[in-house]
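**Q** Here is my input, please return the structure:
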Amino acid sequence: MSKRKLSRQQKWRVEKIQAERAQRAEKRDSKDAEKLSAGEYGPEQPGRVMAHFGRTLEVRDADGTPIRCHLRANLDGLVTGDRVIWRAGQDGSGVVVAREERDSILKRPDPRGQLKPVAANIDQLLIVFAVEPAPHPNLIDRYLVAAEATGIAPVLVLNKTDLLPDDGGELGQLLERYHQLGYPVVRTTTANPEGLDKLRQQLAGRTSVFVGQSGVGKSSLIDLLLPDETLRIGALSEDSRKGTHTTTTARLYAMRSDEVSNGELIDSPGIREFGLIHLDEQEVTDGFIEFHPYLGLCRFRDCRHRNEPGCALLDAVEAGKIHPERFASYRRILDSLNPQ
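**A** Alright, predicted model coming up:
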């Protein structure tokens, strides 16, 4: 669909609004500079962004207290999870004056397809799936590939394990396959008090993000992990066996220290359901970690690992070193990115 052209009056109105915003930001920054030079702000101190509201941030200070701060004009692009340097004002608010270097960054495509940061300094992505709705291996592989592309460690979390058969069934065999690849696997259930113990151990000392399809119980898990916070839980439809997510804004939460030591969560539906549309063929290939020993060994440098002679990946599948279902899943993902 072609973009609708703006009339001259509409263009003038847009430019006028943008100019007014820039003018207000410049004026506010000038006032901040005057206050800083006049000593009206306190000394620099470290903090972490808990939530982002335009040019206003909620920053957690060293004591865990949330402080409403605003940004200097030269500090665009801060996101939830950023570690910052800020100075306290006399009115109880503050001003963020610098951002510290990021350990990691999670990005998602915006409506125009441009990658935008949505959260920073994340230690692990917890990919949640459940006995119901039944997970499809290709969906799990898609999340793993997307996680590998971020450089943030993925962890598989199987929820609602109380619904599993005693022998684990086919799902248990699938989990073992991922475990053999080196991915941590955590089993959880909200059906008994001990059902989250392993998950709490995995969360300790880390900043985590939950991702996964709707209806797998992400909100229910987060609600139990953050009993002091208000998170609405989406209902699971009896007909479709699919659920809905209900939170709206990216936010950093600290878990209770008596349950999880130094554990933090960043939650947002925009983060929870991130996909592969921004990845190219090579990035998808790199996202299958068992392929790594064979990449670059094909007879032809431009091998696409379909039916070319001398393909190292196809030889590894034939030799049983790469599971054929994982390779088939890889092909399906590539085909979905390049529909005929």
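**Q** what about the stretch 51-200 of the chain, any weak spots by pLDDT?
**A** Counting by pLDDT under 70, the stretch 51-200 of the chain shows no low-confidence range.
**Q** That one: helices as residue ranges?
**A** 137-150, 169-181, 197-203 (DSSP state H, counting those that start in this stretch).
**Q** Using CSV, write out every CA atom in the last one.
**A** Yep, that's helix 197-203 we're talking about. Extracted C-alpha coordinates of helix 197-203, given in CSV (Å, rounded to 0.1, in the frame of the first residue of the first chain):
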residue,chain,number,x,y,z
ASP,A,197,11.5,-23.7,43.2
LYS,A,198,13.7,-24.5,40.3
LEU,A,199,12.6,-21.4,38.4
ARG,A,200,13.4,-19.2,41.4
GLN,A,201,16.9,-20.8,41.5
GLN,A,202,17.4,-20.0,37.8
LEU,A,203,16.2,-16.3,38.4
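**Q** the inter-axis angle of the following helix or strand past that helix versus helix 137-150?
**A** Where DSSP states H and E defines the elements, the next helix or strand beyond helix 197-203 is strand 207-211. Computed by axes from the mean of the first three to the mean of the last three CA atoms, to 10 degrees, the angle separating strand 207-211 from helix 137-150 equals 150 degrees.
**Q** Of the helices of the stretch 51-200 of the chain, flag the one that's most buried.
**A** Scoring the helices of the stretch 51-200 of the chain by mean neighbour count under mean count of other CB atoms under 10 Å gives helix 137-150 as the most buried, with a mean of 20. Heads up, the C-betas are built off the backbone N, CA and C, glycines and all.
**Q** which one of the helices of the stretch 51-200 of the chain lies closest to Gly77?
**A** helix 137-150 (17.2 Å; CB to CB).
**Q** about what we covered before: adding distance to Ile289, write the helices of the stretch 51-200 of the chain out as a markdown table.
**A** Formatted as a markdown table, these follow (distance: least, CB to CB, whole Å):
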| stretch | distance to Ile289 |
| --- | --- |
| helix 137-150 | 7 |
| helix 169-181 | 6 |
| helix 197-203 | 19 |
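**Q** out of these, nearest to Asp91?
**A** Across the helices of the stretch 51-200 of the chain, closest to Asp91 is helix 197-203 (CB to CB), at 36.1 Å.
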